[in-house]
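*Asks:* here's a sequence, model it:
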Amino acid sequence: MKANTTQRVFLTLVLVLTLAANASAEILPSFNMDVMSDRADRIVVGVVDQDGRLTINLLLKGDKADLAENLQLDESIAKQLRGAIGLKDNDTVEVAAFLDASDRPIWGSAGVVALEATRVWMCQETWGRGSLRHTENKDYTASSFVKKTRSALGIISHRKALSARPPSAVRADQIVDFLRGKDQYQLRQLVAAMATHDATEQDRFLQILKSDARSPKAGVILDLAGVMPFRPQSYDDVATFLHREHAPALRRKAISALPQINMAKVAVSFGPFLALDEPELRTFLTYLRASPGGSVENFPDAGVLAPMHRLVSEISEHHAEHGRQAMQDESSAVLGTAQNYPHPRFVPAVYDWALNGNHVTSNQALSTLQSLTSLRYDRAQRDSWHKWMEDSRTVLLADYDLTTDAGRTDWFVAWHSSDAATQRLLMRLWLFNANVPEEDLLKAASNTRVATTESAKRVLSELWLHERLSPRCRKQIVVKFLMLKRVQQTSRTKNYRHLRIAANPQFPFPEGSWVQPQCAWSLVATPPKLGNSYGAFSLKDVSKVVVGSWSGDTKDNSIVKTLVEIREVQRGSGDEVLWSHRWMFDAVPVGDVPYVREDG
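*Replies:* Here you go, the predicted structure:
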């Protein structure tokens, strides 16, 4: 069985930068001192004239020997700056320019800041104007901006020196001291530049974390745990910060870090905190949804289902008591998580939430209900919704123990007697099961009872689709339910034969069930011998394809022997064979091979 071991790194997005070739038409990023100072090859202060010539007065970063006395900026940048400040066309502008290796401003005009005695003009967010542009910033003066730039360069230099030092407990202490008061940019740049992540340093980080949970250093360690590859053993030390005794900021850091350390444990850890009175409910739900375990496609842990079911039911009742605006953000997050965890038991509560229409998220609840059920009724079609829920509520809320014969039998009967929407919901129960009873399902798929056989086959097909079946089980399905038959088509030419292997699947093979076939024929005394060349087709379409064929002149009494092999290989790994099986057809006279219609 394929295990989902995909690790997801949970990163906070610092900047999204959209660049354009034409500086005058670009979408400008907001100015960020740390980023600009880090990315620039040179930082200069000088005066720009009306033609865009920059006369340099001060070099803050870069090699002076490589710097020309005057630089030419795009005229549109100078014009834009003068327009923002309100200067005339022939006025000069003092600027700080953050330049790349070709002496062009970083990110076009965003890399140029206009300096005045009591204020500066930089590219920053301007709400309501639909774009980012140079606007006034009174937090800086010309001198304080230069001073801040020098400070940022000093921090960058310190960071680079730290990342270059060999790992040690001493460096761990230095890293923590450096990161105190720094933003996420410096944290991520430091971690990205570190050549190795040593166990000695991690041990020291955890020692600091456990020694004083209320120290500012604890927050730094939790930030590191969110971006560094901390060992899975550190999970429990970080998880202690989930509890309410800790400051909200530390709790949020722990919530975001834990999926990075060991996502397999997130659902169990977060489950107890999924309650209406939890101050960080929205944060817990956000990271639960974002984690690879936060989707039915990726084997969600059943430990989160009971608290989620309770939460979905309670928050819907909370709306009726506290009004349309109650817990708006949390309600939206609950619906998003319920959609990621499409468990049948959630549906009745979401149904009430959607059709009550008594909350600002009722439309989102209706959309979630439609997504969960694949039904497209709107709120006005209450009768249709009511009839469906009346028929399905008991089935959806029933407790099916899929680990026992009795529980599986109850499920088979319920699934077989339900409509298509309810069947889809019931089928998802199997994806919440950690262990797949493959042998029991294979046995049920061969049962004499139609309801059991059809239901079990559909379960196996769904589990195959979601890569939950072992190669051995997939092989057994093919061997048991793929019927191969050697046939021939009529020919207008005497003694000319069209022989082929036709397939009659007795199983609903899913999308993506790709296999490789090979067929060998012999009309002489020697047995058929397979070569090294394989075809490929999806078992879902096997009834439409020719598994193998032979055409040629031969007589009715010629003895034909046929060997077929079908195998499955690991996707993306070349020729790693997961399983293979061979069918040897009896040696018979060609004339005894049954005929089929040309379209059959």
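*Asks:* and stretch 374-390, average pLDDT?
*Replies:* For stretch 374-390, the mean pLDDT works out to 96.
*Asks:* can I get the CA coordinates of the longest strand along the chain in PDB?
*Replies:* If each strand of the chain is counted by residues according to DSSP state E, the longest one is strand 577-589. Output of strand 577-589 as PDB, limited to C-alpha atoms (Å, rounded to 0.1, in the frame of the first residue of the first chain):
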ATOM      1  CA  VAL A 577       7.600  -3.900 -11.500                       C
ATOM      2  CA  LEU A 578       4.900  -3.900  -8.700                       C
ATOM      3  CA  TRP A 579       3.200  -7.000  -9.900                       C
ATOM      4  CA  SER A 580       2.800  -9.200 -13.000                       C
ATOM      5  CA  HIS A 581       0.700 -12.100 -14.100                       C
ATOM      6  CA  ARG A 582       0.800 -14.500 -17.100                       C
ATOM      7  CA  TRP A 583      -2.100 -16.300 -18.800                       C
ATOM      8  CA  MET A 584      -1.100 -19.400 -20.900                       C
ATOM      9  CA  PHE A 585      -3.800 -20.300 -23.400                       C
ATOM     10  CA  ASP A 586      -4.200 -24.000 -24.400                       C
ATOM     11  CA  ALA A 587      -2.600 -25.100 -27.600                       C
ATOM     12  CA  VAL A 588      -5.500 -25.700 -30.000                       C
ATOM     13  CA  PRO A 589      -6.000 -25.800 -33.800                       C
END
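*Asks:* what's the following helix or strand after that strand?
*Replies:* Once the chain leaves strand 577-589, the next helix or strand it forms, by DSSP states H and E, is strand 595-596.
*Asks:* run me through the strand neighbours of that following strand, direction for each.
*Replies:* The pairing partners recorded for strand 595-596 under DSSP bridges are strand 482-489 (parallel).
*Asks:* hmm, who's touching the partner strand?
*Replies:* Taking contacts as Cβ atoms under 8 Å, 6 or more residues apart in numbering, the residues outside strand 482-489 that touch it are 497-507, 539, 542, 547, 560, 562, 564, 566, 583, 585, 590, 593-598, 600. Where you see a C-beta, it was placed from the backbone N, CA and C, and this is true even at glycine.
*Asks:* doesn't A213 lie inside a helix?
*Replies:* No - counting by DSSP: H, G, I helix; E, B strand; the rest coil, A213 is located in no helix; its state is coil.
*Asks:* I'd like to know how many residues surround it.
*Replies:* Applying other Cβ atoms under 10 Å, we find 15 other residues in the vicinity of A213.
*Asks:* show me the contacts for it.
*Replies:* Neighbour list for A213: T240, F241, H246, L250 [criterion: Cβ under 8 Å, 6+ apart].
*Asks:* excluding its backbone neighbours, what's nearest the last one?
*Replies:* By that I understand L250. In space, L250 comes closest to F241 once its chain neighbours are excluded; the distance is 5.2 Å by Cβ to Cβ, 6 or more residues apart in numbering.
*Asks:* mind checking which of the contacts of strand 482-489 are buried?
*Replies:* Restricting the contacts of strand 482-489 to buried positions leaves 497-503, 505, 507, 539, 542, 547, 560, 562, 564, 566, 583, 585, 590, 593, with burial counted as 16 or more other Cβ atoms under 10 Å.
*Asks:* on that earlier part again, assign the residue nearest to L250 to helix, strand or coil.
*Replies:* F241 ends up helix, using three-state DSSP.
*Asks:* my guess is it contacts A254, does it?
*Replies:* Yes - with the criterion set as Cβ atoms under 8 Å, F241 and A254 qualify as a contacting pair; they are 3.7 Å apart.
*Asks:* what touches both of these two?
*Replies:* Overlap of the contact sets of F241 and A254 (by Cβ under 8 Å, 6+ apart) consists of L222.
*Asks:* thinking again about what came up before, pLDDT score for the residue nearest to L250?
*Replies:* Reading off the confidence values, F241 has pLDDT 97.
*Asks:* for V596, same thing?
*Replies:* Per-residue confidence at V596 stands at 84 (pLDDT).
*Asks:* try V542
*Replies:* Listed pLDDT for V542 reads 86.
*Asks:* how about the contacts made by it?
*Replies:* If a contact means Cβ under 8 Å, 6+ apart, then V542 has L482, A503, P505, F509 as its contacts.
*Asks:* how much space between it and A503?
*Replies:* For V542, the distance to A503 (Cβ to Cβ, to the nearest Å) stands at 4 Å.
*Asks:* next: N447.
*Replies:* Counting by Cβ to Cβ - N447 and A503 are separated by 23 Å.
*Asks:* returning to that earlier point: so which of the contacts of V542 are in strands?
*Replies:* Per DSSP E, the subset of the contacts of V542 in strands is L482, A503, P505.
*Asks:* so the last one makes contact with D541?
*Replies:* Which is P505. No - taking Cβ under 8 Å as the definition, P505 is not a contact partner of D541, at 9.6 Å.
*Asks:* so how far is stretch 418-429 from its chain's centroid?
*Replies:* Mean-position distance between stretch 418-429 and its chain equals 25 Å (Cα atoms, centre = their mean, to the nearest Å).
*Asks:* where in this structure is pLDDT low?
*Replies:* 1-29, 65-68, 125-132, 290-302, 574, 598-600 (pLDDT under 70).
*Asks:* in stretch 179-186, what counts as buried?
*Replies:* Residues of stretch 179-186 classed as buried: L179, K182, Q184, Y185, Q186 (neighbour count, 16+ other Cβ under 10 Å).
*Asks:* list just the nearest of these to Q328.
*Replies:* When these are compared for distance to Q328 (Cβ to Cβ), Q184 wins out at 27.3 Å.
*Asks:* what are the ranges of the helices in the stretch 351-500 of the chain?
*Replies:* If you assign secondary structure with DSSP state H, counting those that start in this stretch, the helices in the stretch 351-500 of the chain sit at 362-373, 382-397, 405-416, 420-427, 438-445, 450-465, 471-481.
*Asks:* show me the one of these that comes nearest R345.
*Replies:* Ranking those by their distance to R345 (criterion: Cβ to Cβ) puts helix 382-397 first, at 6.0 Å.
*Asks:* got the buried residues for that closest one?
*Replies:* Neighbour counts using 16+ other Cβ under 10 Å place W385, W388, M389, S392, V395, L396 of helix 382-397 among the buried residues.
*Asks:* so who does the second one touch?
*Replies:* If you count contacts by Cβ under 8 Å, 6+ apart, W388 has them with T373, L375, Y377, D419, A421, T422.
*Asks:* which of the residues you listed are buried?
*Replies:* Applying 16+ other Cβ under 10 Å to the contacts of W388, the neighbour count classes T373, L375, Y377, A421, T422 as buried.
*Asks:* any idea how far Q381 is from the second one?
*Replies:* In this case it means L375. Distance from L375 to Q381, by Cβ to Cβ: 9 Å.
*Asks:* quick one: Q423 and R458, what's the gap?
*Replies:* Taken as Cβ to Cβ, the spacing of Q423 relative to R458 amounts to 8 Å.
*Asks:* what of Q207?
*Replies:* Applying Cβ to Cβ, one obtains 53 Å for the distance of Q207 from R458.
*Asks:* one more: S573?
*Replies:* Where R458 is concerned, S573 sits at a distance of 29 Å (Cβ to Cβ).
*Asks:* which of those two has more neighbours?
*Replies:* When S573 is set against R458 and neighbours are counted by other Cβ under 10 Å, the residue ahead is R458, at 20 against 9.
*Asks:* looking at it, the more buried one is touching W415, isn't it?
*Replies:* Yes - contact status for R458 versus W415: in contact at 7.4 Å, counting by Cβ under 8 Å.
*Asks:* need the residues touching each of these two.
*Replies:* Among the neighbours of R458, those also in contact with W415 (Cβ under 8 Å, 6+ apart) are M427.
*Asks:* for D49, grab phi and psi.
*Replies:* In this entry, D49 is assigned phi and psi values of phi -90, psi -170 (degrees, to the nearest 10).
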